[in-house]
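# Take a look and give me a structure for this.
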Amino acid sequence: MEIFAFGLMILIVIVLWVTIPRIHRRKIHEKVAARGGEVIEIERSWLALGPFKIAGRGRTIYKFVYLSSTGERKEGWVKFGAVLGPDWRL
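As a prediction, the model looks like this:
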């Protein structure tokens, strides 16, 4: 029974490890599309904090490049995992 519970926990961790980044990418695409833009590139930031002073444990930071509605190439940042929701810097 303990082996089954351990195996189930491992399976859940793997599913979350694959699913959460997909959800984050989808939210980035939705946010930029809501402003009339189009995402060109998304990069998970492992060491750089970008415009954020503190990352905190359990926070995920993404840097993304997008075309604005005026056709300008812009850079945006988002920090997921905060209590009050994602912190966007567009």
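
# From now on I want contacts and neighbour counts done on CA atoms only, so please keep to that.
Fine.

# for the most centrally placed residue in the chain, phi and psi?
Taking Cα atoms, centre = their mean, the centroid of the chain lies closest to residue 24, which sits 3.8 Å from it. Backbone torsions of residue 24, given as degrees, to the nearest 10, read phi -60, psi -50.

# which residue packs closest to it, ignoring adjacent ones?
With sequence-adjacent residues excluded and distances taken as Cα to Cα, 6 or more residues apart in numbering, residue 24 is closest to residue 80, at 7.7 Å.

# wait, isn't that neighbour in contact with residue 56?
No: in this structure residue 80 lies outside contact range of residue 56 using Cα atoms under 8 Å: 10.5 Å.

# returning to that earlier point: confidence score at the residue nearest to the centre of the chain?
You'll see residue 24 listed with a pLDDT of 96.

# And residue 65, by the same measure?
pLDDT at residue 65 comes out at 97.

# Next up, the contacts around it.
39-42, 73-76 (Cα atoms under 8 Å, 6 or more residues apart in numbering).

# Need the max-distance pair from those residues.
42 and 73 (13.4 Å; Cα to Cα).

# between these two, which one's more packed in?
More crowded of residue 42 and residue 73, by other Cα atoms under 10 Å: residue 42, with 17 against 14.
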